[in-house]
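A.B. asks: make a model of this:
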Amino acid sequence: MFRKMRRGKQLLSMEDTVAVMDRCTNGVLACLGDEDYPYAVPLSYVYFNDIIYFHSAKAGHKIDAITKNPKVSFSVIDEDTIVSEKYTTYFRSVLAFGKARIVEGDEWLEAFEALVEKYSGDQPEEAKHKEITGCTQAYIIAIDVEHITGKEAIEYVRAKG
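C.D. replies: All right, here's what the predicted structure looks like:
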């Protein structure tokens, strides 16, 4: 169902792909927007238990698009170094496909805790707990990943030997 990467030598291992997802702090969600125009929006996320989670307002373009068609893609750029003398960039990125859904119950709490830990892990436990329990104006959205691949510049592949 999903295309095989054309440049297979540049495919990251699953371990390296997960490491990129864990260390990056933002990605771009792409979905089918109004009048079937692509809608791509940058957002903060956490990759937790092989699922991508992010928070969202309860109304707006993103929620409307996901409700209309839950099939989405999500991309993360880990590195993009310009190498001007070679007219290229040395890059590392991840692309995921899956279906988005609104999270509820225990999963909502676990996902929210994972988000707070990723972005505010240095804050006191009491403050983090207050932030989580006090947040009733946002959804937590999950992307159940069906396919995920990482890719890096051939120069990085060669450097690994």
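A.B. asks: enumerate the positions of the top helix by length along the chain that are buried.
C.D. replies: The residue-count maximum for a helix in the chain (DSSP state H) belongs to helix 105-120. Judged by neighbour count using 16 or more other CB atoms under 10 Å, the buried positions of helix 105-120 are E107, W108, A111, F112, A114, L115, V116, K118. Where you see a C-beta, it was placed from the backbone N, CA and C, and this is true even at glycine.
A.B. asks: again with stretch 64-71
C.D. replies: The neighbour-count criterion (16+ other CB under 10 Å) identifies A65, I66, P70 as the buried residues of stretch 64-71.
A.B. asks: before we move on, back to that, could you pull up the mean pLDDT of the following helix or strand past the longest helix of the chain?
C.D. replies: Sequence-wise, the next helix or strand downstream of helix 105-120 (DSSP states H and E) is helix 125-134. For helix 125-134, mean pLDDT is 86.
A.B. asks: what does helix 125-134 contact?
C.D. replies: The contact list for helix 125-134 (CB atoms under 8 Å, 6 or more residues apart in numbering) reads L109, F112, E113, V116, E117, S120.
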